[in-house]
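S.K.: Give me a model of this one.
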Amino acid sequence: LFSLYFYWLIGNVLENQWGAFRFNLYYLCGMVCTVIAGMITGYATNSYLNLSLFLAFALMYPDYQVMVFFILPVKMKYLALLDAVGLVALFIMDSWAGRVALLVSLGNVILFFWHDFINGIQNAKRRYEWRKNTGNNWR
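M.R.: Numbering: from 1, shown residues only. Presented below is the predicted three-dimensional model:
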């Protein structure tokens, strides 16, 4: 019940931020790719698609706080990091069909956030060059 509420909350916030068309396109691309991967490998699950929705939310709102067990405030970026570690472990231990399903769902995140990833790399490079040229090492 809490999981359904949490995914509803994430979906609602993403839909308000992106708009209904882009949110539906995100989920539809993930569903179509999951079905195609499932037809090729014989294995399909929507749990990875929901995790990609969680990662999309964490990328957009890294400082959003969630109360774990209604007591501990945890920021979304730390939950996403924990999720990423779990996905890497799952990728290592799962079968090839599970790996394909996992990569398809993460491909959905990359498809919609590739521009943000490239901008982040370019900004980090610019900061490094500026610090190197000015001798300024503060963060």
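S.K.: Would you quantify the distance from residue 107 to residue 81?
M.R.: Residue 107 sits 20 Å away from residue 81, going by C-beta to C-beta, to the nearest Å. For glycine as for every other residue, the C-beta is placed from the backbone atoms N, C-alpha and C.
S.K.: got a list of what the residue nearest in space to the middle of the chain touches?
M.R.: Of all residues in the chain, the one closest to the mean position by C-alpha atoms, centre = their mean is residue 55, 2.0 Å from it. Taking C-beta atoms under 8 Å, 6 or more residues apart in numbering, we find residue 55 in contact with 80, 83, 84, 106, 109.
S.K.: Would you mind pointing out the helix or strand the second one falls in?
M.R.: Using DSSP states H and E, the element containing residue 83 is helix 76-93.
S.K.: Mind listing what's buried along stretch 108-124?
M.R.: By neighbour count with 16 or more other C-beta atoms under 10 Å, stretch 108-124 contains the buried residues 108, 109, 112, 113.
S.K.: outside of it, which residues touch it?
M.R.: Residues contacting stretch 108-124 (C-beta under 8 Å, 6+ apart): 26, 29, 30, 33, 49, 52, 55, 56, 59.
S.K.: show me the contacts for the third one.
M.R.: Think residue 30. Residue 30 touches 49, 52, 53, 104, 105, 108, counting by C-beta under 8 Å, 6+ apart.
S.K.: One more: the second one?
M.R.: With contact set as C-beta under 8 Å, 6+ apart, residue 29 has these partners: 108, 111.
S.K.: Show the pLDDT at it.
M.R.: For residue 29, the pLDDT comes out at 89.
S.K.: try the fourth one
M.R.: At residue 33, the model reports a pLDDT of 87.
S.K.: which residues of this structure score low on pLDDT?
M.R.: For the chain, the stretches flagged by pLDDT under 70 are 136-139.
S.K.: for it, longest helix please?
M.R.: helix 96-134 (DSSP state H).
S.K.: tilt between that one and helix 76-93?
M.R.: Counting by axes from the mean of the first three to the mean of the last three C-alpha atoms, to 10 degrees, helix 96-134 lies at 130 degrees to helix 76-93.
S.K.: I'm done for today, thanks for sticking with me.
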